[in-house]
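Novice: Have a look at this fold, sequence not included:
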């Protein structure tokens, strides 16, 4: 993981222990960053939201 993804996972683990497996943190972090960037790719954002929803379940 990158330093930023490490910090993200540590914050999630600190606030919500065992909510997110460490192996999933880089994917979730990258997906959230992509959503925050915005852009005009509506289909891409919807696909990310769908993947995040499946990961949450």
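Specialist: Noted; the coordinates are in hand. It should be emphasised that the depicted structure is a prediction, and the values quoted were computed from it without experimental measurement.

Novice: Show me where this structure has its helices.
Specialist: 3-15, 25-37, 42-56 (DSSP state H).

Novice: Please state the offset of the longest one from the chain centre?
Specialist: The chain centroid and the centroid of helix 42-56 are separated by 10 Å, computed with CA atoms, centre = their mean, to the nearest Å.

Novice: Next, name the residue at the spatial heart of this structure.
Specialist: residue 28 (1.8 Å; CA atoms, centre = their mean).

Novice: Do I have it right that that residue meets residue 19?
Specialist: No - using CB atoms under 8 Å, residue 28 is not in contact with residue 19, being 10.4 Å away. No exception for glycine: its C-beta is placed from N, CA and C like everyone else's.

Novice: remind me which residues of this protein are low pLDDT?
Specialist: For the chain, applying pLDDT under 70 flags the ranges 1, 55-57.

Novice: What's the separation between the residue located most distally from the centre of the chain and residue 31?
Specialist: Distance to the chain centre peaks in the chain at residue 40, reaching 19.8 Å (criterion: CA atoms, centre = their mean). In this view, residue 40 and residue 31 are 18 Å apart by CB to CB, to the nearest Å.

Novice: Also residue 5?
Specialist: Where residue 31 is concerned, residue 5 sits at a distance of 11 Å (CB to CB).

Novice: Tell me who's in contact with the closest residue to residue 39 other than its chain neighbours.
Specialist: Leaving aside its sequence neighbours, residue 39 sits nearest to residue 45 (CB to CB, 6 or more residues apart in numbering; 7.8 Å). Contacts for residue 45 were tallied using CB atoms under 8 Å, 6 or more residues apart in numbering; they are 34-35, 38-39.

Novice: now those as CSV including neighbour count and distance to residue 11?
Specialist: Output for the contacts of residue 45, formatted as CSV (neighbours: other CB atoms under 10 Å; distance: CB to CB, whole Å):
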residue, neighbour count, distance to residue 11
34, 15, 19
35, 14, 17
38, 8, 23
39, 9, 25
